[in-house]
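Asker: Got a sequence here, can you build the structure:
(chains A, B, C and D)
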Number of protein chains: 4
Amino acid sequence: MSSVLSGVKIAVLGGDERELILVNELVKMGATVVVTGFPRDKIGPGAFVVHTVEEACKESEVVILPIPGTSPDGLIRAIYAESSLMLSEKAIQTMAPNALVIIGSARPFLKEWAQVYGFNLIEIIEMDEIAILNSIPTAEGAVQIAMEETPITVHGSKTCVIGFGRTAITLARILKALGSDVTVVARNQGQLARAYEMGCKRASFSELREIMNSADIVFNTVPALVIDKDILKYTNADVLIIDLATQPGGTDFEAANTYGLKAILAPGLPGKVAPIYAGKILADVIPQLIISELSKLDAGLLFA
Amino acid sequence: MSSVLSGVKIAVLGGDERELILVNELVKMGATVVVTGFPRDKIGPGAFVVHTVEEACKESEVVILPIPGTSPDGLIRAIYAESSLMLSEKAIQTMAPNALVIIGSARPFLKEWAQVYGFNLIEIIEMDEIAILNSIPTAEGAVQIAMEETPITVHGSKTCVIGFGRTAITLARILKALGSDVTVVARNQGQLARAYEMGCKRASFSELREIMNSADIVFNTVPALVIDKDILKYTNADVLIIDLATQPGGTDFEAANTYGLKAILAPGLPGKVAPIYAGKILADVIPQLIISELSKLDAGLLFA
Amino acid sequence: MSSVLSGVKIAVLGGDERELILVNELVKMGATVVVTGFPRDKIGPGAFVVHTVEEACKESEVVILPIPGTSPDGLIRAIYAESSLMLSEKAIQTMAPNALVIIGSARPFLKEWAQVYGFNLIEIIEMDEIAILNSIPTAEGAVQIAMEETPITVHGSKTCVIGFGRTAITLARILKALGSDVTVVARNQGQLARAYEMGCKRASFSELREIMNSADIVFNTVPALVIDKDILKYTNADVLIIDLATQPGGTDFEAANTYGLKAILAPGLPGKVAPIYAGKILADVIPQLIISELSKLDAGLLFA
Amino acid sequence: MSSVLSGVKIAVLGGDERELILVNELVKMGATVVVTGFPRDKIGPGAFVVHTVEEACKESEVVILPIPGTSPDGLIRAIYAESSLMLSEKAIQTMAPNALVIIGSARPFLKEWAQVYGFNLIEIIEMDEIAILNSIPTAEGAVQIAMEETPITVHGSKTCVIGFGRTAITLARILKALGSDVTVVARNQGQLARAYEMGCKRASFSELREIMNSADIVFNTVPALVIDKDILKYTNADVLIIDLATQPGGTDFEAANTYGLKAILAPGLPGKVAPIYAGKILADVIPQLIISELSKLDAGLLFA
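Answerer: Next up is the predicted model:
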């Protein structure tokens, strides 16, 4: 497999420890990797370090942006960068034709540019494989916060998991395994049947108020205002709320504060609690994605 | 909730222990239940027993057929019936207008009739809720067969689960919990990520031959010929193959026989290994389904 | 390791599939193995088959009797023997001096002979290692019976485990893993603390009557009459009682019968449900035991 | 139960949050509770707060010292005390005759005094019930440290648990449940059989060096120098060692430091990570212990 990406020029723009692991893997697979937003000594041999986003993007067939992506106006998250890194329209225009741009999730401006300049934009955060693999450090990170922030054990605690998508399934499994009494709150009857199969109690949203009245720890995974003022008014005073939904979360944090309830918004746990694991996920999935997308492109060109 | 189905005429045509539990529940909820295919003494008070499918269907707003459904020409599965029970076109025509027909899965003729006569046909076997709840007795039944048919313990055994849909997820969870070394074979990368999260090994179909060479027990859930002659040729001589896919399963049973391999087709486990549990699922889900469908109908009529 | 038992004469008297696996292992380790109670074609090459217990015992340094041992008057359990196999005082006298006799558990007469004739008698059924390894097929066998004999799933069932020794711990773990609601009844507060840690409910014997009033399946592991007439009088009519304690078990089976309750005495499960696994345990543990005991003897002789 | 300890004078000397919970429970049960080492506002109504150990002990039938006990010269651990709290010989002499002294574990001086002055000394840390219930917060605390101090997930990690007593069993169960690949190192074959039953790998101490060469996280529970210089020389450079054994632990921390290995001594986790839970254990166990011991005493006096 050592030369499977041979001759492919790939730009990596910013990021954190995870991208360092990814860059190593891409180099191993024979790609020509150009990196910006990292000091030279962080990057292993075989990759090129340049100073600007423009230099990195120039003629690249693949451009990789970090999982947390950019700010609404294009500022790239790059914790090791010495100066701020902007994703400019100019840089985008210098990419190779039909370039592939890989990002966690894209802001509206980037989606527009994909239309305008005809590049292939892939948001990986919603890919089933990435989302499920990321659910492991997310769930462990959530449990770690629960352990740190409560004077009780998870074993024997009453926990509530709101929503039952990819992260929530993993979290519920771990909580049950640790000996917690878990109630899953969801709308979908199929999801509730799965929760039941996994040994959890099931409830509908109409029961949430009552459940939070006696829960020790509540984990929200629904990206909509589900833990609102009305719910919080009746919540157990000793509760810990951990909100895992995309910012701004699904909790009325102001109301929680007013009622003196402890509520924590905890986004982006994989990169924080297990950067090496999270980097390995990227190193596993992204090269395969590139190979698969480039082969589609080749196939397309044959018939062009 | 005792009168929520009051005034609704429901026909139950054949079935087994499961329908007995369902009938009791429907009666409790106030429905007028007419049953055929059971002796009088099997049916609790409050339901009417009639002798023919035609009598039962007449003016019924809801007609319930068993989970295993009918033969291709309409013979209804009815283990307690004294004579054979046929679903006739004539009977169907006597149902109330816009009737609701509930069945596990429907043969082509029934789907055609639904078009022709304008009734509402619902196949419940594929509803997420039913399928997941049924996965529990299916998985336990499969494990029971594995325990009965092998001289080894599940603990410490090498098992392989082919496919990773609703039944396979439950089965893999149970096998892991019992201490088996489980390998999941599937195409979908998201499914494989979930298998990994659950502690299973992951493999692609191209590795199946090698896996079956050393597996102790193989469970197939894919309804397509995946365990073919070529795979079986290289399979461990002491293997036990349990095929849970819809008839005719996904195993070349003839080839298995030729090679002296033990292979068992095990369809319809819920009704066999846990009829009371399976009946309770129907008693939980079907009344809700009827209420929901009738309310849609009412809403529709209001605007008609 | 192939010659570690070289020159040691070992007699294997009767037994079942388990002893066949053990004999193979002993031969592999270089022992001179003399077998009786099996037809020639059952025994692999390298072991000698003789016709009488006396012949087998003659000058043997080690004599192995089956796990279920003998009847009170010395009849050896030997399912493949063509004629009945008796352990005679005469045979015992012909063993090598300081011989080692290994048996599951010994009847009083054998213990007396050990005193009289000065041989070293080891009862392995109570060795922690054997008992814990055997708890796995015992627990799986008990679960298999529960699955076969009830129309419900273990998942969601209310089960009760009486006693919390080596077998019960394994059984409770499996039942919890399968999704049962498990209550452990025991006297020892430390055992109850462990049951709690494993996610089970805890109860004292004074609560047993109430628990059995609503339990679906009850597993007894205590070898004393704990499920007596008084308890059975108040037991759930649909209960299944599985008694795993040494014969005659801890259930008043006559009273159970009188009250129409289903109660099953299930001793010796490892040899029945998983003979290959159970044979591998013997093949793992017994050679090590022999090596260890013979080396003690050697050490003793040096200083004699 | 509200007056079961009525008339019994109990002194509580120092401690932390746990003792606050215990004091409340003792008051509820009707005891006359005299506390020292806490400010008045920390103690609920119904208990008396005094300034000196002597005052508290005077005529007390029961004296409760904290779980971490005292220093070798009698300094009592009392995190809320304004001045240092010493257990003096004089105080001990003022207790009621045949008094009961309850402590986590006692220093030699206290054992001597028990002989000299004839009081009943009970060390609860080694009671099976306490040790097993405390194993839950200890194991969760150890996992929390592992999560905090490594950049990987516990899921998929290679962990090693040294020793397999009460704490280690709970820890191994949790690590397995979280998806770690756990190897248990122990001497006792029965303990290793239990580890195998729980799904762990088994190893002897002679294999420890090799195991630590590739382990990600190592948990020691053996209170003897098992992780010595020789072992550490070959240990994986990225390892995290968490030592749970009683101070000074079982790790050569100096050598670990020399080799640049991360090693953490983590004693007394229950009181740190889950004080409320740990306090509830005391509130559950100690009153029962007092009742049981006092009734023994009464019985003894009757026959005196």
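
Asker: Neighbours of the residue of chain A found nearest chain D, how many?
Answerer: Proximity of chain A to chain D (Cβ to the nearest Cβ) peaks at residue A:177, 3.3 Å away. To be clear about C-beta, it is placed using only N, CA and C from the backbone, and glycine gets the same treatment. Neighbour count of residue A:177, defined by other Cβ atoms under 10 Å in any protein chain shown: 18.

Asker: confidence score at it?
Answerer: Note on residue A:177: pLDDT of 96.

Asker: Residue A:85 against residue A:75, yeah?
Answerer: Yes. Counting by Cβ atoms under 8 Å, residue A:85 touches residue A:75, with 7.1 Å between them.

Asker: Show me which of those two is the more surrounded one.
Answerer: residue A:85 (23 against 14).

Asker: Do the longest helix belonging to chain A and chain D come into contact?
Answerer: The longest helix of chain A (DSSP state H) is helix A:275-302. Yes. Shown here: helix A:275-302 in contact with chain D (Cβ under 8 Å from any Cβ of the partner chain) through A:275-277.

Asker: Could you measure from the residue of chain A closest to chain D over to chain C?
Answerer: The gap separating residue A:177 from chain C is 9 Å, by Cβ to the nearest Cβ, to the nearest Å.

Asker: Can you verify my assumption that that residue contacts residue D:177?
Answerer: Yes. Using Cβ under 8 Å, residue A:177 makes contact with residue D:177 at a distance of 3.3 Å.

Asker: what number of residues lie near residue A:220?
Answerer: 25.

Asker: residues in contact with it?
Answerer: Under the criterion of Cβ atoms under 8 Å, 6 or more residues apart in numbering or on different chains, the neighbours of residue A:220 are A:162-163, A:226-227, A:241-245, A:249-251.

Asker: Count residues in the vicinity of residue A:296, would you?
Answerer: Neighbour tally, residue A:296, other Cβ under 10 Å: 12.

Asker: Equivalent analysis for residue A:165, please.
Answerer: Residues near residue A:165, counting by other Cβ under 10 Å: 16.

Asker: How about the one 4 residues further on?
Answerer: A total of 26 residues lie near residue A:169 under the criterion other Cβ under 10 Å.

Asker: How about residue A:51: what's its closest non-neighbour residue?
Answerer: Closest residue to residue A:51 apart from its sequence neighbours, by Cβ to Cβ, 6 or more residues apart in numbering or on different chains: residue A:36 at 6.7 Å.

Asker: CA atoms only: put stretch A:148-155 into CSV for me.
Answerer: Backbone C-alpha positions of stretch A:148-155 (Å, rounded to 0.1, in the frame of the first residue of the first chain) are rendered in CSV as follows:
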residue,chain,number,x,y,z
GLU,A,148,-15.1,14.5,37.5
GLU,A,149,-18.1,16.7,38.2
THR,A,150,-20.2,14.5,40.5
PRO,A,151,-19.6,13.2,44.1
ILE,A,152,-21.4,9.9,43.2
THR,A,153,-20.4,6.9,41.2
VAL,A,154,-21.8,6.3,37.7
HIS,A,155,-22.6,2.8,39.1
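
Asker: Report the secondary structure state of residue A:10.
Answerer: Secondary structure, DSSP: H, G, I helix; E, B strand; the rest coil: residue A:10 is strand.

Asker: from memory it sits against residue A:59, does it?
Answerer: No. Residue A:10 is beyond contact range of residue A:59, at 11.1 Å (criterion: Cβ under 8 Å).

Asker: which neighbours do those two share?
Answerer: Common neighbours of residue A:10 and residue A:59 are not found (criterion: Cβ under 8 Å, 6+ apart).
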